[in-house]
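Q: Give me a 3D structure for the following:
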Amino acid sequence: MAWQWKWPFLKRNTKSWSQPNFWDLEAPAFMMGSTADKERIETNFEGYVEGAFKRNGPIFSCVVARQMVFSEARFMWRQFNKGRPGDLFSNAELELLNRPWPTGTTGELLARMEQDASLAGNSFWTKVDNQGRYGNSAAGDGLRLARLRPDWVSMVIGSSSGDLYAADAKVIGFLYQPRQFGMMASSEPMPTGGSVLLLPEEVAHYSPIPDPDARFRGMSWLTPVLREIEADTASTIHKKTFFDHAAVPNMVVRFDKDVQKEQFDSFVRQFKAGHEGAWNSYKTLFLQGGADVTPLTHDFRQLDFSATVGKGEARIASAAGVPPSWVGFSEGMQGSALNAGNMAANRRRFADGTMRPLWRIAAASLEVLFKPAGASTHLWYDDRDIAFLREDAQDRAEIVRIKFNTIDSGIKSGFEPDAVVKAVMNEDISLLVGHHTGLVSVQMQPPVDPNAPPVPPAIEPAPVPPQLDPSGTPGGNNNGA
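A: Coordinates of the predicted model:
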């Protein structure tokens, strides 16, 4: 199918779509330009933005909840020792992550990455400079990170065997093609002067949820809950319509058979003017003789409206990996869900089950743009200053107490104090190998038999005086005298 864009002078920044409506869920899946040698992000990216993120409260809440915590992390190098993580450190190479663009911060970079991943399933970044160079060629003044809009990027696939479906197929490039206003007669976007082809090592590709229909592309977490989004939007429309119609159920008004059409039309006009709309709710209804009112629908309480909406919100939050209580959904704001223990468990689940995996994937994705400080060094995230992840004071004190007891036990067992501290902080007991002092606790000494006779102390023999040779010189060395 082809895209059709309205000209800017007809209506600014509006677009007309020729594919099935985004919310027509019975329509077949639509993808633009995805072939054996190319994978393009699904064209419902703008539909997700306009129809879900900007117009659906639960979706906006879940994306922002993920985004706010995700953007709190920082990036540092981490030394790995035998596969185990070691100390965190930084160097000048990571300054670009601290200031990815003028006035930009690491938090803004992560916020953009999370937003693209939620709405498109993918986020693409590369280096640029003021000389108009991209990727590894960018090294001059104005070096910065640039976002590549996900639905304008195609992953170019190649294979050494010539078979693009073979197991050795891989991504050999990223084709960035900005679109322009106009008519598109084919599935390919109109080429512009901003099109550029980048190598895989020049693009950071962040795709936390793999798309099972593709080999290298990611998938938005919104895709499995499209029907829930549609139902939530429909419930919002239903609620608004309910209030637009006086906040009372719909009804049928019956008239006597002898009522004339002119009288009927006049009554209908006056009835709508005086009783339709939220501002006319709860007014007393007066009827002339012969008129009979019969309600047709139920109110919100009879429909159990809040429970219906709440279940849908909970399923949306589940797909986002966000506890309903953290975004204020009704399912998470009642009963035992508000207990302190459950709130703490929800926080840990959100941190350990959603945020930390996303940070690890983001760090690995961005590492391609930077030169590691060593062969066993990798880009890692630093979450030590994130307030959301801090345990309460009692838990923190208990953790410190346990670590101190462990350190004390290791030192009393004869290990070097510095080695014990390092092993405890890195949670790697193998770091103690080769660092034992040879001294052991008295409990490790052989037992003493109380009935055994005392062992006399050893007496050192007296020193033997040096022997004199016949010349009277000790040792017989008279140097020939």
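
Q: Okay, buried residues for stretch 216-236 please.
A: Under the neighbour-count criterion of 16 or more other Cβ atoms under 10 Å, stretch 216-236 has 216-222, 225-226, 228-233, 235 buried. Any C-beta I mention is one placed from the backbone N, CA and C, and that applies to glycine too.

Q: For that stretch, give me every contacting residue.
A: Residues from elsewhere that reach stretch 216-236 (Cβ atoms under 8 Å, 6 or more residues apart in numbering): 23, 25, 39, 41, 48, 51-52, 55-59, 117-122, 155, 157, 171, 206-212, 305, 308-309, 312-313, 315-316, 319-321.

Q: cutoff 7 Å now
A: Residues outside stretch 216-236 that contact it (Cβ atoms under 7 Å, 6 or more residues apart in numbering) are 23, 25, 39, 41, 48, 52, 56, 58-59, 117-122, 155, 171, 207-211, 308-309, 312-313, 315-316, 319-320.

Q: again, but for stretch 355-372
A: Contacts for stretch 355-372 (Cβ under 7 Å, 6+ apart): 69-70, 73, 75, 77, 93-94, 110, 113, 127, 201, 204-206, 208, 378-381.

Q: Now go through those residues and say which are in helices.
A: When DSSP state H is applied, these are split such that 69-70, 110, 113 fall in helices.

Q: Buried subset of the residues you listed, written for PyMOL?
A: To isolate the buried ones among these in PyMOL, judged by 16+ other Cβ under 10 Å, type:
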select buried, resi 69+70+110+113
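
Q: rewinding a little: narrow the contacts of stretch 216-236 to just the buried residues.
A: Here, 16+ other Cβ under 10 Å leaves 39, 41, 48, 52, 56, 58-59, 117-122, 155, 171, 207-209, 211, 309, 312-313, 315-316, 319-320 buried among the contacts of stretch 216-236.

Q: what about the stretch 301-450 of the chain, any weak spots by pLDDT?
A: Within the stretch 301-450 of the chain, the segments meeting pLDDT under 70 span 301-309, 330-341, 391-394, 443-445.

Q: Helices of that one, start to end?
A: 305-320, 340-350, 356-366, 393-412, 417-426 (DSSP state H, counting those that start in this stretch).

Q: follow-up on the earlier one: whichever of the contacts of stretch 355-372 end up buried, select them in ChimeraX.
A: To isolate the buried members of those in ChimeraX, using 16+ other Cβ under 10 Å:
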select :69,70,73,75,77,94,110,113,127,204,205,206,208,379,380,381
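
Q: returning to what we had before: and of the helices of the stretch 301-450 of the chain, who's closest to Phe267?
A: For these, proximity to Phe267 was assessed by Cβ to Cβ; helix 305-320 is nearest, at 31.1 Å.

Q: what about Val156, which SS state?
A: strand (DSSP: H, G, I helix; E, B strand; the rest coil).

Q: contacting residues for the residue nearest to Tyr48 when sequence neighbours are not counted?
A: Among residues not flanking Tyr48 along the chain, Leu119 sits closest, at 4.6 Å (Cβ to Cβ, 6 or more residues apart in numbering). The contact partners of Leu119, by Cβ under 7 Å, 6+ apart, come to 45, 48-49, 53, 220.

Q: Just send the residues you listed back as TSV, with distance to Phe89 too.
A: Output for the contacts of Leu119, formatted as TSV (distance: Cβ to Cβ, whole Å):
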residue	distance to Phe89
Phe45	38
Tyr48	39
Val49	39
Phe53	37
Ser220	35
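
Q: which ones among the residues you listed are found in helices?
A: Phe45.

Q: Nearest to Phe271 among the contacts of Leu119?
A: Within those, distances to Phe271 taken as Cβ to Cβ reach their minimum at Phe53, with 40.4 Å.

Q: Wait, a helix at Leu175?
A: No - with three-state DSSP as the criterion, Leu175 is assigned strand and is not in a helix.

Q: Just to check, it is in contact with Leu199?
A: No - counting by Cβ atoms under 7 Å, Leu175 does not reach Leu199; the two are 11.2 Å apart.

Q: Let's see which of the contacts of stretch 355-372 end up in strands.
A: 75, 77, 127, 204-206, 378-381 (DSSP state E).

Q: Out of those, which is nearest to Phe388?
A: In terms of Cβ to Cβ, no member of the ones in strands among the contacts of stretch 355-372 lies closer to Phe388 than Tyr381, at 13.7 Å.

Q: Which residue is the nearest non-sequential neighbour of that closest one?
A: Trp359 (4.0 Å).

Q: distance of the closest residue to Phe350 other than its chain neighbours from Ala351?
A: Nearest residue to Phe350 in three dimensions, chain neighbours excluded: Pro323, at 5.6 Å (Cβ to Cβ, 6+ apart). Using Cβ to Cβ, to the nearest Å, we find Pro323 at a distance of 10 Å from Ala351.

Q: which of the two has more neighbours?
A: It is Pro323, of Pro323 and Ala351, that has more neighbours when counted by other Cβ atoms under 10 Å, with 25 against 15.

Q: was I right about that one contacting Ala344?
A: No - between Pro323 and Ala344 there is no contact under Cβ under 7 Å: 10.9 Å.

Q: Common neighbours of those two, please.
A: With Cβ under 7 Å, 6+ apart, Pro323 and Ala344 have no common neighbours.

Q: I'd guessed Ser118 sits against Ser61; true?
A: No - counting by Cβ under 7 Å, Ser118 sits too far from Ser61 to count as a contact (11.9 Å).

Q: so how far is Ala320 from the residue nearest to Tyr381?
A: Relative to Ala320, Trp359 is positioned 16 Å away (Cβ to Cβ).

Q: One more: Ala387?
A: From Ala387 to Ala320 the distance is 21 Å (Cβ to Cβ).

Q: Same question for Asp87.
A: 34 Å.

Q: repeat for Arg384
A: According to Cβ to Cβ, Arg384 stands 25 Å off from Ala320.

Q: how many other residues sit next to Asp382?
A: For Asp382, using other Cβ under 10 Å, the count is 16.

Q: Quick one: residues contacting it.
A: Counting by Cβ under 7 Å, 6+ apart, the residues that Asp382 touches are 73-76, 88.

Q: and stretch 153-166, how far apart are its ends?
A: Using Cα to Cα, to the nearest Å, the end-to-end distance of stretch 153-166 comes out at 23 Å.

Q: ditto for stretch 408-417
A: Chord length of stretch 408-417, first to last residue, is 9 Å (Cα to Cα).

Q: what's the answer for stretch 438-453, then?
A: Start and end residues of stretch 438-453 are separated by 29 Å (Cα to Cα).

Q: re the thing from before, and which of the buried residues of stretch 216-236 is nearest Gly162?
A: Gly162 has its nearest neighbour among these in Phe216, at 18.5 Å by Cβ to Cβ.

Q: Give me the neighbour count for Ala419.
A: When neighbours are counted by other Cβ under 10 Å, Ala419 comes out with 18.

Q: Which stretches in this structure count as strands?
A: Going by DSSP E, the chain shows strands at 38-40, 74-81, 84-89, 123-128, 144-148, 153-158, 170-176, 196-198, 204-206, 251-254, 292-295, 377-382.

Q: weakest of those in terms of mean pLDDT?
A: Of all those, the minimum mean pLDDT falls on strand 38-40 (a mean of 55).
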